[in-house]
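K.L.:
sequence-free structure coming up:
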């Protein structure tokens, strides 16, 4: 387990919350005073009212909630979005309404989920050739029959 420091930028902000014991994602809640209308086909930046401090070597991945996606056609446009360990600003969610109907985001609504993930720092080594594989340089759909 790692420690992630969290700051409530807005006192009414809700803390991220796992909805089950084995859930990988922590639900993120909208933080605003009035309803936000996300019109069909529209993109909006939704505030959460929180900021975090991650340890070096970790990122927070912002992902859509499957329930919002299947029931309402609401997704995170840049999924997964990345919050880097050195970012200290408010976490905001880029929501997109893929449906044919407007969607109302009420204050405190669960709008996305956040997964904390370890990542590697790499040293890229330039080479003249790469090792051979069965797939080789086959592109999209190359392995399907």
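P.N.:
Thanks, I have it. All figures in this text were calculated on a predicted structure; none of them were measured in a lab.

K.L.:
Residue 79 versus residue 19, what's the distance?
P.N.:
Distance of residue 19 to residue 79, computed by C-beta to C-beta, to the nearest Å: 19 Å. (Glycine included, C-beta is placed from N, CA and C.)

K.L.:
Same drill for these two, tell me which one is more crowded.
P.N.:
Just comparing residue 19 and residue 79: by other C-beta atoms under 10 Å the higher neighbour count belongs to residue 79, 15 against 11.

K.L.:
Now do the contacts for the closest residue to residue 91 other than its chain neighbours.
P.N.:
Closest residue to residue 91 apart from its sequence neighbours, by C-beta to C-beta, 6 or more residues apart in numbering: residue 48 at 4.7 Å. Contacts for residue 48 (C-beta atoms under 8 Å, 6 or more residues apart in numbering) come out as 13, 28-31, 90-93, 111.

K.L.:
so residue 19 is in which element?
P.N.:
Assigned by DSSP states H and E, residue 19 belongs to no helix or strand.

K.L.:
residues in contact with it?
P.N.:
Counting by C-beta under 8 Å, 6+ apart, residue 19 touches residue 27.

K.L.:
who's the residue nearest the centre of the chain bridged to?
P.N.:
Centroid-nearest residue in the chain, with C-alpha atoms, centre = their mean: residue 62, separated by 0.9 Å. For residue 62, the beta-bridge partners are residue 81, residue 114 (DSSP bridges).

K.L.:
any idea how far residue 71 is from the residue nearest to residue 91?
P.N.:
For residue 48, the distance to residue 71 - C-beta to C-beta - is 21 Å.

K.L.:
Leaving out sequence neighbours, find the closest residue to residue 89.
P.N.:
residue 51 (6.0 Å).

K.L.:
So that neighbour sits against residue 5, correct?
P.N.:
No. Contact criterion C-beta atoms under 8 Å: residue 51 and residue 5 do not qualify, at 9.1 Å.
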